[in-house]
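Student: only geometry, no sequence info:
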């Protein structure tokens, strides 16, 4: 497999290409240029067909050290750069990505299995994030003057600076690779951090190309990309002495490993982890076409592979039959197939592991006595034997402690469970160790709010629960094992910075109490000259 030249950002090929013409995700860093043969690559396949669409070339651990060293050396100048200049560089990078919007979206269709609309939304969302956080660069550098305020004592000057933590590592998942990566990279760059990114090994192609475009608009070493498995390359980055922060988006089990690797050096770690999001449909909910469409979209977007998708629906027993009938009739209309078919609403599952687990769940549910309704219709182009397609599925009649209910299935298999009282619904919603998002459905805002306040979740939506429902101005993150820290806007900036207080005194002896016992120390009592 021979390396061809990459012309990212210059109107040529977006990716380095292998000898068979397929893109290769490789290390993106100045001074690390590979040529000729290389070993250890693994294939990236199209989950709709199983056909290889590209390759991932893992970064060696020696190269990881070199990349971190670049980030370390680039940090002082990037942190000292005027916020307006950092902002301008980010905006220029966003424009380069936008120039390649269609190509990047097409890549996500093939490597992730997203539909065309989902893929365009992923890339456009990443571009929007870069521009939004670029606009916050000046706020990231604001100095808060607390001088003269109560509780600042008699200090002459009290200033609180927000400063970048240093080089950070960003590790993000395969389901929305460009959007979720930019949601971490953009605040880190705006705050003045240098960034090393490790994309998910299952879908590194599109995000690596987008990051290389962004990197070409930044000073050398400010943004670099490495490839490889989390157990090797990811762990090495999280444990590295010179990395001062970790921004991780992924599964809860992997998040624990990130914390373990980062613990010896006490890094600042932000974790956005899994979710098992409940939707609670109250007895006074409106269940018209619009509401039911919202519920269906909240469950089956990206084939159920979204951290804050609806994973389980609890509905008041008096409305159970009504909801089940309407919901199922809509689910039966979902078109399943490859994402490049414009008639398709739901593509395949991205990973082999996710598909295997979904098939296991379906097999076990069929044997458990639960009622399993596999809905949807296949498109004409979805018959490939290697396609990882799971039909949108509705499950009823199962125990409330069943695996499908209490764990995150990350698949389009949705349990619908009746409840009798609000207390019952809240108890079931809070039963799991997850607490990312949730929703309450009601025609009475006061009733909905009273239930929402009792749910253990970082965000609770009322009468909505899907991609786009999260408001950028509010913090986003999870309770319990759904993570730690918060992102979105200035909340994300805070995860990439530390607060540095500078307090000045002109006459500390008069201004700070407690000097009395030290008054016997007096230079006039010392014989001979005093030098200092």
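Tutor: Perfect, I can see it now. Source: prediction; values computed, not measured.
Student: Quick one: residues contacting the closest residue to residue 90 other than its chain neighbours.
Tutor: Nearest in space to residue 90, with sequence neighbours left out and distances taken as CB to CB, 6 or more residues apart in numbering, is residue 134 at 3.9 Å. Yep, even glycine has a C-beta here, placed from its N, CA and C like the rest. Applying CB atoms under 8 Å, 6 or more residues apart in numbering, we find residue 134 in contact with 86, 87, 88, 90, 91, 94, 186, 190.
Student: of all those, which two lie farthest apart?
Tutor: Within the contacts of residue 134, 88 and 186 form the most distant pair, 14.1 Å apart (CB to CB).
Student: if you count what's nearby, which of these two comes out ahead?
Tutor: For residue 88 versus residue 186, neighbours defined as other CB atoms under 10 Å are more numerous around residue 186 (29 against 15).
Student: Could you list the buried residues of the helix or strand containing that one?
Tutor: In this assignment (DSSP states H and E), residue 186 forms part of helix 177-191. Buried residues in helix 177-191, counted by 16 or more other CB atoms under 10 Å: 177-191.
Student: cool, stretch 79-86 as well?
Tutor: 79, 81, 83, 86.
Student: follow-up on the earlier one: which one of the buried residues of helix 177-191 is nearest residue 293?
Tutor: Minimum distance to residue 293 across the buried residues of helix 177-191 is 22.8 Å, recorded for residue 179 (CB to CB).
Student: Quick one: residues contacting the closest one.
Tutor: Per CB under 8 Å, 6+ apart, neighbours of residue 179: 121, 122, 123, 125, 126, 129.
Student: On the three-state scheme, the residue lying closest to it once chain neighbours are set aside is what?
Tutor: Nearest residue to residue 179 in three dimensions, chain neighbours excluded: residue 125, at 4.0 Å (CB to CB, 6+ apart). Counting by DSSP: H, G, I helix; E, B strand; the rest coil, the backbone at residue 125 sits in helix.
Student: gap between residue 125 and residue 88?
Tutor: Distance, residue 125 to residue 88, using CB to CB, to the nearest Å: 21 Å.
Student: just residue 229 next, same as before
Tutor: According to CB to CB, residue 229 and residue 88 sit 36 Å apart.
Student: Could you tell me the end-to-end distance of stretch 487-501?
Tutor: Using CA to CA, to the nearest Å, the span of stretch 487-501 from its first residue to its last is 23 Å.
Student: Start from the N-terminal end of the stretch 101-250 of the chain and give the strands.
Tutor: In the stretch 101-250 of the chain, the strands defined using DSSP state E, counting those that start in this stretch lie at 143-145, 157-164, 168-171, 195-198, 223-225, 245-249.
Student: If you count contacts, what does the longest one end up packed against?
Tutor: Packing contacts for strand 157-164, counted by 3 or more CB pairs under 8 Å, 6 or more residues apart in numbering; DSSP states H and E, involve helix 61-80, strand 143-145, helix 177-191, strand 497-504.
Student: between it and strand 245-249, how many degrees?
Tutor: Relative orientation of strand 157-164 versus strand 245-249 (axes from the mean of the first three to the mean of the last three CA atoms, to 10 degrees): 50 degrees.
Student: follow-up on the earlier one: can you tell me which of the helices and strands packed on strand 157-164 is nearest to residue 517?
Tutor: strand 497-504 (22.4 Å).
Student: That closest one relative to strand 157-164, how many degrees between them?
Tutor: Comparing the axes of strand 497-504 and strand 157-164 via the same axes, to 10 degrees yields an angle of 160 degrees.
Student: that older thread, JSON lines for the strands of the stretch 101-250 of the chain, including distance to residue 358 and mean pLDDT?
Tutor: Converted to JSON lines, those look like this (distance: least, CB to CB, whole Å; pLDDT from 0 to 100):
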{"stretch": "strand 143-145", "distance to residue 358": "50", "mean pLDDT": "96"}
{"stretch": "strand 157-164", "distance to residue 358": "41", "mean pLDDT": "97"}
{"stretch": "strand 168-171", "distance to residue 358": "24", "mean pLDDT": "98"}
{"stretch": "strand 195-198", "distance to residue 358": "26", "mean pLDDT": "98"}
{"stretch": "strand 223-225", "distance to residue 358": "30", "mean pLDDT": "98"}
{"stretch": "strand 245-249", "distance to residue 358": "21", "mean pLDDT": "98"}
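Student: wait, which of those is closest to residue 482?
Tutor: Short answer: strand 245-249, nearest of those by CB to CB, at 11.5 Å.
Student: partner strands of that closest one, parallel or antiparallel?
Tutor: When pairing is defined by DSSP bridges, strand 245-249 lines up against strand 168-171 (parallel), strand 268-272 (parallel).
Student: And the contacts of the first one?
Tutor: Read it as strand 168-171. With CB under 8 Å, 6+ apart as the test, strand 168-171 has contacts from 181, 184-185, 188, 193-198, 230, 234, 237-238, 240, 243-250, 258, 496.
Student: swap in the last one?
Tutor: Under the contact criterion CB under 8 Å, 6+ apart, strand 268-272 has outside partners 165, 184, 244-250, 255, 258-259, 262, 307, 436, 476-478, 482-487, 495, 498.
Student: got a list of what residue 368 touches?
Tutor: Residues near residue 368 by CB under 8 Å, 6+ apart: 398, 402.
Student: hmm, try it at 10 Å
Tutor: By CB atoms under 10 Å, 6 or more residues apart in numbering, the contact list for residue 368 reads 395, 397, 398, 399, 402, 403, 404.
Student: Same question for residue 64.
Tutor: 27, 169, 196, 198, 224, 226, 228, 232-234, 236-237, 240.
Student: Now compare those and name the two farthest from each other.
Tutor: Largest pairwise distance in the contacts of residue 64, by CB to CB, is 17.2 Å, between 224 and 232.
Student: Settle it for me: which of the two has more neighbours?
Tutor: The neighbour comparison of residue 224 against residue 232 (other CB under 10 Å) goes to residue 224, with 29 against 14.
Student: looking at the sheet around that one, what are its partners?
Tutor: residue 196.
Student: With residue 190 as the reference, measure out to it.
Tutor: Distance, residue 224 to residue 190, by CB to CB: 17 Å.
Student: now do residue 345
Tutor: Residue 345 is 35 Å from residue 190, by CB to CB.
Student: which stretches of the stretch 1-150 of the chain form helices?
Tutor: Secondary structure of the stretch 1-150 of the chain (DSSP state H, counting those that start in this stretch): helices at 61-80, 83-99, 101-112, 116-134, 137-140.
Student: low-confidence ranges in the stretch 351-500 of the chain?
Tutor: Applying pLDDT under 70 to the stretch 351-500 of the chain picks out no residues at all.
Student: Show me the strands in it, by range?
Tutor: Under DSSP E, counting those that start in this stretch, the stretch 351-500 of the chain gives strands at 371-374, 377-378, 393-396, 413-419, 437-441, 459-462, 483-484, 497-504.
Student: Among those strands, which comes closest to residue 105?
Tutor: Smallest distance to residue 105 across the strands of the stretch 351-500 of the chain (CB to CB): 23.2 Å, for strand 377-378.
Student: ok, and what's touching that closest one?
Tutor: 332, 333, 334, 335, 336, 337, 343, 344, 387, 389, 391, 392.
Student: Now for the second one: which residues touch it?
Tutor: Counting by CB under 10 Å, 6+ apart, residue 333 makes contact with 296, 345, 375, 376, 377, 392.
Student: Ok, the first one next?
Tutor: The contact partners of residue 332, taken as CB under 10 Å, 6+ apart, are 373, 374, 375, 376, 377, 391, 392, 394.
Student: And for the last one?
Tutor: For residue 392, the set of contacting residues under the criterion of CB under 10 Å, 6+ apart consists of 296, 299-300, 303-304, 328, 330-334, 336, 345-346, 373-377, 411-414.
Student: Now the buried members of these.
Tutor: Neighbour-count burial (16+ other CB under 10 Å) applied to the contacts of residue 392 gives 296, 299-300, 303-304, 328, 330-331, 334, 336, 345-346, 373-376, 411-414.
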